[in-house]
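S.K.: Kindly return the folded structure for what I paste below:
(one chain, ligands or ions: 2)
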Amino acid sequence: MNGIELKNVSYKYPLTDFFALKDINYTFEKGKFYGIIGPNSGGKTSLCNLVRGLIPHFYQGDLSGDVLIEGKDVRNWDSNLLSTKIGYIFQNPFTQISGVKDTVLEEIALGLENLGIEKNEMIERIIEVVKLLKIEDLIKKNPNNLSGGQRQRVAFASIIAMNNDILVIDEPTSQLDPESTSDVFEIIDMLKEQGKTIILVEHKVDLIAEYSDEVLVMNNGQIVDSGTPMEVFSNKALLELDVAMPQVALLGHDMNRLDKPFDYITITKSQAKEQIMKRMGCVNGRN
Ligand SMILES: Nc1ncnc2c1ncn2[C@@H]1O[C@H](COP(=O)(O)OP(=O)(O)OP(=O)(O)O)[C@@H](O)[C@H]1O
Ligand SMILES: [Mg+2]
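M.R.: Ligands and ions are numbered 1, 2, ... in the order given. As a prediction, this is how the structure comes out:
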């Protein structure tokens, strides 16, 4: 098994008397893009901490059940080895930058140095990633003087250069404007094309609907729903929980309430457009 398997997993942080994660059963398959959504304190970040091995290697507390990473129990993984396999991008790009390097170039090299990558390969990887993220004009700048969007790109560059198979990304766009946000989604989509497994926590559900293969909804430490974006956002019960829905899915649910349902609950703009056109008697957008 190449991915990450969670079987009957429950977890309590130290000195707390409640389960941050409750009876989690889920398999993350290699090469897929997973979107994790749900209300605040639902357990999204805790699930990230679990799949990247921070629970139990960094956070002690009470862990029960099986966490298998590539078939091997997380407790038996060496935590350094695990961090070369699973990359992590923080919510806040300002905390991602080390603060100890004077240029973006050195900042990107830092993670590779820590991995003990040989110099020529290091240079090759950096050149590749700098081109990929179109940050050629930033490499000589001081990372501390960059804007939020620029820092997030540098953070992505540092992580991508490490070439991890699995990327866990926790709300990467919360500090970003809409343009930088769509850039980030394009970068993540490109990583998926390269065969990486992506686990992304994100409140911007319209983009989750557009890009994810699978969506997980977390509430009160449990996975309360999962499936393709179409399956999840068609679930009317989620409207009662505090779970955000794509605007066009809300429209679809409204049409159901009005007893004028679309053929299905639309989750992307292009689907909504197609359904509205159909309703208006247009075929392929024409009369
Ligand atoms: N280090 C910690 N020690 C103790 N309790 C914690 C710790 N981290 C999180 N928790 C608690 O675990 C529960 C789940 O928190 P978590 O951060 O996983 O939720 P989340 O879905 O990521 O929330 P948000 O949307 O606010 O980021 C919360 O009740 C939180 O207070
Ligand atoms: Mg969180």
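S.K.: Pull out the buried residues from the helix or strand that contains Gly35.
M.R.: Element membership for Gly35, per DSSP states H and E: strand 33-37. Within strand 33-37, the residues scored as buried using 16 or more other CB atoms under 10 Å are Phe33, Tyr34, Gly35, Ile36, Ile37. To be clear about C-beta, it is placed using only N, CA and C from the backbone, and glycine gets the same treatment.
S.K.: tell me the pLDDT at the first one?
M.R.: Phe33 carries a pLDDT score of 96 in this model.
S.K.: so it touches Tyr211, yeah?
M.R.: Yes - counting by CB atoms under 8 Å, Tyr211 is a contact partner of Phe33 at 6.2 Å.
S.K.: Please enumerate the shared neighbours of those two.
M.R.: Ile188, Asp189, Lys192 (CB atoms under 8 Å, 6 or more residues apart in numbering).
S.K.: Check the last one and give its pLDDT.
M.R.: Turning to Lys192, the model gives it a pLDDT of 90.
S.K.: Get me the contact residues on the stretch 151-287 of the chain for ligand 1.
M.R.: Counting by CB under 6 Å from any ligand atom, the residues of the stretch 151-287 of the chain lying close to ligand 1 are Met218.
S.K.: how about 8 Å then?
M.R.: Applying CB under 8 Å from any ligand atom, one finds that the stretch 151-287 of the chain approaches ligand 1 through Asp170, Glu171, Val201, His203, Met218, Gly221.
S.K.: Count the neighbours of the last one for me.
M.R.: Using other CB atoms under 10 Å, the number of residues around Gly221 comes to 21.
S.K.: who touches it in this structure?
M.R.: Gly221 neighbours (CB under 8 Å, 6+ apart): Phe18, Phe19, Ala20, Leu21, Lys22, Gly42, Gly43, Ser46.
S.K.: before we move on, what about the third one?
M.R.: Shown in contact with Val201 (CB under 8 Å, 6+ apart): Ile36, Ile37, Lys44, Thr45, Cys48, Ile169, Asp170, Glu171.
S.K.: Out of the residues you listed, which comes closest to Ser270?
M.R.: Ile37 (20.9 Å; CB to CB).
S.K.: didn't the closest one look like it was pressed against Glu214?
M.R.: No - between Ile37 and Glu214 no contact is recorded; they are 11.3 Å apart, counting by CB under 8 Å.
S.K.: Tell me the spacing between Thr27 and ligand 1.
M.R.: Counting by CB to the nearest ligand atom, to the nearest Å, the separation of Thr27 from ligand 1 is 20 Å.
S.K.: Let's verify that residue: helix, strand, or coil?
M.R.: strand (DSSP: H, G, I helix; E, B strand; the rest coil).
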